[in-house]
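Engineer: Generate coordinates for the sequence data below:
(chains A and B)
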Amino acid sequence: MTLRDVVEIVQGTVLCGEEFLDREVKLGFASDLMSDVLTLLADDILLITGLSNNQAIRTAEMSDITQILFVRNKKPTKTMIDLAREQNITIIVTACSMFKSSGLLYQKGLQPIY
Amino acid sequence: MHVTFKVTAGDFSNAGKISSSIKTLLKQLNISSVDVKRIIVALYEAEVNVVAHSYGGEVVCDIEPHQAFIQVIDTGPGIPDLDLAMTEGWSTATAEVREMGFGAGMGLPNIRKNTDELSIQTQAGGHTHIMMRFYISEGTI
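Structural biologist: You can find the predicted model right below:
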């Protein structure tokens, strides 16, 4: 699916990286534990997280992840958004929980890593 | 190529800045994305460790044609039981560190997984010196 599909499925809002909404994303990983994210070998996954701080963006950067879905209406700060822009990372926010977001996206074909 | 960076203890808002700078450098040197990722993941874990657990320190990075040698040296307080610290799931992290998404006891094991050679010198009350060597499969330097 494309990031545009992700936005539609979770009824999300794009905070930055609108220009990359045609990117394809095949794999999803949901975690608030950044060390867990850093163990992933796959690139170009959708990171689904409720952890809204600079380290979520930094972890994505180090892991070559270019799209993050923040759940439960988490509000990324301006610093986070600026950091994401620098790294060409798309940030999407949704009111859905991590469980619901993951379920909806899985149902529509987003694949798990494990 | 030799570069050094200072790491400030407790400065969570800037944790990762050094790893980010070195990542940019490695990419400019045309090092493969697979090698860049494992070097940077190990370095980022180590950088976060210094910010979270130490009194501050530095990152010393030496990049040669076929290898990257990165040292992360802090000024204390040292790791009392290194074997325990290398065990997945064991952690002394504070609530603040856990709020940042770390502190699950995966840092040092994750560093070990991504390095070709890893040596850690530490003692309780002293500094910790992490030496990480990565063999680089291709590059332009």
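Engineer: Tell me, please, where in chain A the pLDDT is lower than the cut-off.
Structural biologist: Counting by pLDDT under 70, chain A contains no low-confidence range.
Engineer: centroid residue for it?
Structural biologist: Geometric centre of chain A, nearest residue: residue A:68, 1.8 Å, by Cα atoms, centre = their mean.
Engineer: for chain B, same thing?
Structural biologist: For chain B, counting by Cα atoms, centre = their mean, the most central residue is residue B:46, which lies 2.5 Å from the centre.
Engineer: mind checking how far residue A:102 is from residue A:28?
Structural biologist: Computed as Cβ to Cβ, to the nearest Å, the residue A:102 to residue A:28 distance reads 7 Å. Glycine gets a C-beta too; all of them are placed from N, C-alpha and C.
Engineer: Need the overlap of contacts for those two.
Structural biologist: Counting by Cβ atoms under 8 Å, 6 or more residues apart in numbering or on different chains, the shared contacts of residue A:102 and residue A:28 are residue A:48.
Engineer: count of neighbours near residue B:52?
Structural biologist: Close neighbours of residue B:52, defined as other Cβ atoms under 10 Å in any protein chain shown, add up to 22.
Engineer: in chain A, which spans are strands?
Structural biologist: Using DSSP state E, the strands of chain A run over A:13-16, A:27-30, A:45-49, A:67-70, A:90-93, A:111-112.
Engineer: For chain B, find the nearest of those strands.
Structural biologist: Each of these was scored for nearness to chain B using Cβ to the nearest Cβ, and the closest is strand A:45-49 (8.0 Å).
Engineer: Spell out which parts of chain B neighbour chain A.
Structural biologist: Residues of chain B found near chain A, taking Cβ under 8 Å from any Cβ of the partner chain as the criterion, are B:12-13, B:15-16, B:19-20, B:23, B:33, B:37, B:40-41, B:44-45, B:48, B:99-102, B:104, B:106-107, B:110, B:113.
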